[in-house]
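>>> Fold the following.
(chains A and B, ligands or ions: 1)
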Amino acid sequence: MGKRAAALVGFTEWAPERKWERPMFGMEACAVLAAEALADAGIEKDAIDGLVTGGLQDSPMFGPLALAEYLDIQTHFSEQVDIGGASSAGMIWRAAAAIEVGLCDTVLVLVPSTPSPSQAGDEARKMVMPPYLAGDAWGSPQSIYDIPYGLVAAAPSFAMVATAYMDAYGVTPEQLAKIAVDERNSALKNPKAVFKDKPITVDDVLASPMVCDPVHLLEMVMPCFGGGAVVVTNAERAKTAKHRPVFLSGYGEYVSHKTVTNMKDITVTPAKPAADQAFGMAGVDRADIDLCSFYDCFTITVLATLEDTGFAPKGQGGPWVAERDLSFAGDFPLNTHGGQLGMGQGGAAGGLSHVVDALTQLQGRAEDRQLASADKAFVTGVGGLMASNVGLVLEGA
Amino acid sequence: MRVEQPFSEAGRPIPRRTPTSAPFLDGAREGKLRLQRCPRDGFFFYPRPRCPVCLGDDWTWQEASGRGRVYSYTVDRVGLDPTQRERLPLVVAIVELEEGPRMTSNVIGCAPEDVQVGMAVEATFEDLGPETLVLFQPSA
Ligand SMILES: [Zn+2]
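Residues are numbered from 1 along each chain as shown, chains lettered A, B, ... in the order given. Have a look, this model is predicted:
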């Protein structure tokens, strides 16, 4: 049996929005997220003795310190995680690990992603990722060897992974497009999803504009604002929580590079070592997993993750996806919240949406898309340019 | 968000000149592709003060053949970097050099539709004024 020291007991998640109409500083958002997540967990604020977060726009240095002061929380564990889109999943295991070693008892994981009130006007309120992703900093290798050649943002990098996959394994555009279609079918049942009203077909995906060959517009996430928070606590206190505690029974992480040019093999992602570590720790078989929630910035990310985490044979992900229904109603439920592809990417909180997806199912709170059996889930986070990976095995108490 | 990337007068992003990148950039200006070579681990790219494998500092600069193959590629159709929009459609590629290392570059001199994984390419150079880019074209 895997670890039973720390459990996820409550959460809050804001519906992603392309344009955010109620600007808030990062720490202001944290205060609201904290209140909502604690209320959901049924745990008092006084119990909090650990804080984990990502980047805070209003406190780019000393973030966790500023946050402890702002929320009037005194912590034995204060952490800021910076591994890209894998950060949210990385925050969850760091919180659990801190509890396991006895540093603290209850940790708030806070992921705000709202525009600041200092950003005025409609355009500034629209979520746009800066194309250089801070790679333009003085001395950054990217500013010398990547940016002048147009390797910027995320799409060209993931597109080159897809090109290599197609060349190596014969993956077809239709097989990749189907991932977006199945996820959209789940999004239709998620009231928080940006795309909850619009079913799509494989033809729709392939007819959407080509952004970076072979990636079409409908195979990319829509950048949005959002926010989320999760309460992680020790096994004893978890018994007093309002909802079913969900243990983090195993976890793994792997970082191997930043830009795709420097991947050892562009068709093998860090998902493999991270997943092997997580499943090994949990002592859980892949076959016993009821649902997967995989970081899905692009359709190729999902296909590669299915293979490298051991659910589909290496090189067979294309036909494997074609033969299955990945929606909540299907034979391999994957991203039952619609994924970030169907829900919109709520900024940094997009990564947390996969944790929340698993938690929602394992706590039996998924309403119209609730699975009949939901006891074990596997969650991934992907950061940088297919560069960092976190795997989480979650088990309901 | 403040942008630190240097740009040419025409508005193209140019490589940042640092003490470590200067020998590579000087080589490009002379039409040469220069790589560092570690006596134990062979060629490496991009330039660093220490070999990334053994962290040794007894590497030397060598002139590479300029020949390589397309390891993977994409075609930017939308101009993810607005300053590159006049180059669209832009073939962004990873080129695996004959000497072993891979580098980010662009494939020019053929239609984007004719680029393929494994295609043989050779270095060519584009003068942007203050700095020169190392690009690739189909081998003659
Ligand atoms: Zn060496």
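>>> where in chain A is pLDDT low?
Residue ranges of chain A with pLDDT under 70: A:119-125, A:127-129.
>>> all strands for it, in order.
Counting by DSSP state E, chain A has these strands, from start to end: A:6-17, A:50-53, A:77-80, A:106-113, A:210-212, A:215-216, A:223-234, A:246-255, A:291-293, A:345-346, A:376-383, A:388-396.
>>> How about chain B?
Using DSSP E, the strands of chain B run over B:34-38, B:42-44, B:60-63, B:67-76, B:90-97, B:102-106, B:120-127, B:132-138.
>>> and of the ones you listed, who's closest to the ion?
Relative to the ion, the nearest member of these by CB to the ion is strand B:34-38, separated by 3.3 Å. In this view, the C-beta of every residue, glycine as well, is placed from N, C-alpha and C.
>>> quick revisit: relative to A:Gly315, which of the strands of chain B is closest?
With CB to CB as the measure, strand B:67-76 is the member of these nearest A:Gly315 (16.1 Å).
>>> Let me know the average pLDDT across that closest one.
Averaged across strand B:67-76, pLDDT comes to 98.
>>> Tell me if it is near chain A.
Yes. Contact of strand B:67-76 with chain A (CB under 8 Å from any CB of the partner chain) involves B:Tyr71, B:Ser72, B:Tyr73, B:Thr74, B:Val75, B:Asp76.
>>> before we move on, the earlier item: let me have the strands of chain B in a markdown table, adding distance to A:Thr299 as columns.
A markdown table is the format used below for these (distance: least, CB to CB, whole Å):
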| stretch | distance to A:Thr299 |
| --- | --- |
| strand B:34-38 | 36 |
| strand B:42-44 | 33 |
| strand B:60-63 | 41 |
| strand B:67-76 | 14 |
| strand B:90-97 | 19 |
| strand B:102-106 | 23 |
| strand B:120-127 | 28 |
| strand B:132-138 | 28 |
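>>> Looking at these, spot the one closest to A:His243.
strand B:67-76 (43.9 Å).
>>> Give the other helices and strands that the closest one contacts.
Applying 3 or more CB pairs under 8 Å, 6 or more residues apart in numbering or on different chains; DSSP states H and E, one finds that strand B:67-76 contacts helix A:155-169, strand A:210-212, strand B:90-97, strand B:120-127.
>>> packing partners for the longest one?
This points to helix A:155-169. strand A:210-212, strand A:215-216, helix A:299-308, helix A:317-322, strand B:67-76, strand B:90-97.
>>> Other residues contacting the fourth one?
I take that to be helix A:317-322. Helix A:317-322 has contacts (CB atoms under 8 Å, 6 or more residues apart in numbering or on different chains) with A:165, A:169-172, A:174-176, A:178-179, A:303-304, A:306-307, A:312-313.
>>> Buried ones from these, can you make that a ChimeraX selection?
In ChimeraX, a selection of the buried entries from the contacts of helix A:317-322 looks like this (16 or more other CB atoms under 10 Å in any protein chain shown):
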select /A:165,169,171,175,176,178,179,303,304,306,307,312
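>>> which of the contacts of helix A:317-322 sit farthest apart?
Farthest pair in the contacts of helix A:317-322 (CB to CB) is A:Glu174 and A:Pro313. Separation: 19.3 Å.
>>> and B:Thr20, how many neighbours does it have?
Residues contacting B:Thr20 under the criterion other CB atoms under 10 Å in any protein chain shown number 15.
>>> I meant to write A:Arg369 there.
21.
>>> Contacts only, for it.
Contacts of A:Arg369 (CB under 8 Å, 6+ apart): A:Ser186, A:Lys189, A:Asn190, A:Phe328, A:Ala329, A:Thr336, A:His337.
>>> again with A:Leu56
By CB under 8 Å, 6+ apart, the residues touching A:Leu56 are A:Gly26, A:Met27, A:Cys30, A:Gly63, A:Ala66, A:Leu67, A:Pro112.
>>> Report the separation between it and the ion.
39 Å (CB to the ion, to the nearest Å).
>>> do you know which of the strands of chain B lies nearest A:Ala155?
That would be strand B:67-76 among these, by CB to CB, at 7.8 Å.
>>> in chain B, what spans have low per-residue confidence?
Counting by pLDDT under 70, chain B shows low-confidence ranges at B:1.
>>> Cheers, nothing more for now.
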